[in-house]
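Chemist: need coordinates for the below:
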Amino acid sequence: MRLADILIKPILSEKSNSLQEKRGVYSFRVDRKANKLEIKKAVETFYGVNVAEVRTMVVPSKSKSRMTKAGVLSGRKPGYKKALVVLAEGESIDLYSNI
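Modeler: From the prediction side, this is the model:
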């Protein structure tokens, strides 16, 4: 698997921002087939930082429904794999520089 295919996008939410500020933990949406070693190597290569720890989880899919003129439409949002990356002491990633 190529390193460019492993990291899909960073997760930018209030919870992930508070984890970044308090503990130096960054959240990424990653490919479901990627393992912890591949995720660590991809983050170190793309962002030029040292990774201390990687935790992964698979977020389950959710069922969603909404009311329209045609009636109730129901479907599913897909599940995804999420990685929490802890950086070495004193290091940080500027995720907002490309926005």
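
Chemist: quick check: which ranges of this protein have low pLDDT?
Modeler: Applying pLDDT under 70 to the chain picks out residues 98-99.

Chemist: which one's the longest helix in it?
Modeler: helix 36-47 (DSSP state H).

Chemist: which residues are contacting that one?
Modeler: 1, 3, 6-7, 26, 28, 30, 34, 49-51, 54, 56, 83, 85, 93 (Cβ atoms under 8 Å, 6 or more residues apart in numbering). Heads up, the C-betas are built off the backbone N, CA and C, glycines and all.

Chemist: and the next element down the chain from that helix?
Modeler: Sequence-wise, the next helix or strand downstream of helix 36-47 (DSSP states H and E) is strand 51-59.

Chemist: what are the pairing partners of that next one, and which direction each?
Modeler: Using DSSP bridges, strand 51-59 pairs in its sheet with strand 80-87 (antiparallel).

Chemist: tell me the angle the strand it pairs with makes with helix 36-47.
Modeler: Angle, strand 80-87 to helix 36-47, by axes from the mean of the first three to the mean of the last three Cα atoms, to 10 degrees: 70 degrees.

Chemist: distance of the most centrally placed residue in the chain relative to residue 69?
Modeler: A centroid search over the chain (Cα atoms, centre = their mean) returns residue 28, at 1.7 Å, as the residue closest to the centre. Look at residue 28 and residue 69: by Cβ to Cβ, to the nearest Å, they are 39 Å apart.

Chemist: what's the answer for residue 84, then?
Modeler: 42 Å.
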